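> Just a sequence and a predicted model for now, questions to come.
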Amino acid sequence: MTSKVDMVSVVIPTLNEAGNIRDALDTLDRELAYPKEIIVVDGNSTDGTIEIVKDSNARLIIEPRRGYGLALRVGMKAAKGDIVIMVDGDGTYEFKHVNRLVQRMLETDAEMCLASRMYDPNKAMGLFNFVGNKVITFCFNMLYKQNISDTQSGFRAISHAALEKVEFKETDMPFATEMLIKFSRKRFKMVEVPSTYKFRRYGKTTLNPFNSGIEILTTILKGLRS
Ligand SMILES: Nc1nc2c(ncn2[C@@H]2O[C@H](COP(=O)(O)OP(=O)(O)OP(=O)(O)O)[C@@H](O)[C@H]2O)c(=O)[nH]1
Ligand SMILES: [Mg+2]
C-alpha cells in the first residue's frame, strides 16, 4: 500500500499515434499535480510518433515486439514512481481526471484505482465494445468476487509495490484483465472513479474487438486455475 507519493510514473504505449501523442503529453504534463516521469513505450511507429516524443520531456523506450500488454509491462519495469499510471496515447481517456485516480487510491488505501467509463453519458464507446465490456465485467466480478464497473479501462493508477509482487504473462489486450485477476488473488484493494471516454481523433485502433473479447474471456477462465 502506498501512503506517500514522491513520484508518479505515467506509462503510455504507442503505435502510430502521431496525431494524438503531443496533446496527450502536454495535457498530462500540465494536469498531473505530483512530481512525475512520463514514459512512452513505442512499438517502432512509422508515422512520426517517435520524433514527437523525442522532442518532449517524456522518456522514450522503443519496444519492437508487438503487444499492448508487453509495452505496458516494459514501461512498468522501467518506472521509478511509487504510483504507476497506465493510460493509452490516443487521447480517448480523460487525462484531466488523472489526479482523481491518485487521490482516491490514497484516500482509500487501495492498490489500484480504475477510471470507469460506465458512468459516461456521452457513450463514446461503440455498442459492440460496450456490450462486450459488460459481459466480460459481469463474468469477472462473479468469478473473482469483485464489484468493478469497467474491467476494460486502460486508465489506472497502481501501487508500484503491488506491481512488484505480481508476475504477468499476457502480452496483448488480456494483460489488463490478467492484472485484475492477479490483484484479486492477492486480495489487493481495487477502487474506481467515474471518468469519461472520448472518440479517437486521429489514427486507427489496433484492436480486433471480437478476438480480444474471446482472449479476455479465456484469460478469465484460465485465471481460475491459478
Ligand atoms: N508499443 C505498443 N503500443 C501499442 C501496441 N498496440 C497498441 N498500442 C497502443 O496501446 C494503446 C491502446 O491501443 P488502441 O489501438 O487504442 O486500442 P483500443 O483503445 O482498444 O481501441 P480504440 O477504441 O480505437 O481506442 C494505444 O495508445 C496504442 O497506440 C503495440 O503493439 N505496441
Ligand atoms: Mg484506444
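Everything's here; your move. Ligands and ions are numbered 1, 2, ... in the order given.

> what does the average pLDDT come to for stretch 100-107?
Here stretch 100-107 scores 97 as its mean pLDDT.

> Could you give me the buried positions within it?
Residues Arg100, Leu101, Val102, Gln103, Arg104, Met105, Leu106 are the ones in stretch 100-107 that count as buried (16 or more other C-beta atoms under 10 Å). C-beta: built from backbone N, CA, C; applies to glycine.

> Ok, stretch 84-103 next?
For stretch 84-103, burial by neighbour count (16+ other C-beta under 10 Å) applies to 84-95, 97-98, 100-103.

> Can you give me the end-to-end span of it?
End-to-end distance for stretch 84-103: 13 Å, by C-alpha to C-alpha, to the nearest Å.

> can you tell if that stretch touches ligand 1?
Yes. Applying C-beta under 6 Å from any ligand atom, one finds stretch 84-103 touching ligand 1 at Asp88, Gly89, Asp90, Thr92.

> What does the residue nearest the centre of the chain show for phi and psi?
Geometric centre of the chain, nearest residue: Gly154, 3.0 Å, by C-alpha atoms, centre = their mean. Gly154 adopts backbone torsions of phi -100, psi 10, taken as degrees, to the nearest 10.

> residues in contact with it?
If a contact means C-beta atoms under 8 Å, 6 or more residues apart in numbering, then Gly154 has Met86, Val87, Asp88, Tyr93, Ala176 as its contacts.

> From Gly43, how far off is the first one?
Meaning Met86. Remark: distance between Met86 and Gly43 (C-beta to C-beta, to the nearest Å) = 15 Å.

> The closest residue to Val87 other than its chain neighbours: neighbouring residues, count only.
Nearest residue to Val87, sequence neighbours excluded (C-beta to C-beta, 6 or more residues apart in numbering): Phe155, at 4.7 Å. Counted by other C-beta atoms under 10 Å, the residues lying close to Phe155 total 24.

> So Phe155 sits against Leu101, correct?
Yes. The pair Phe155 and Leu101 passes the contact test of C-beta atoms under 8 Å, sitting 7.3 Å apart.

> Need the residues touching each of the two.
With C-beta under 8 Å, 6+ apart, Phe155 and Leu101 have common neighbours Ile85, Leu114, Ala115.

> Among those, which one lies nearest to Ala18?
Of all the shared contacts of Phe155 and Leu101, Ala18 sits closest to Ile85, with 21.9 Å by C-beta to C-beta.
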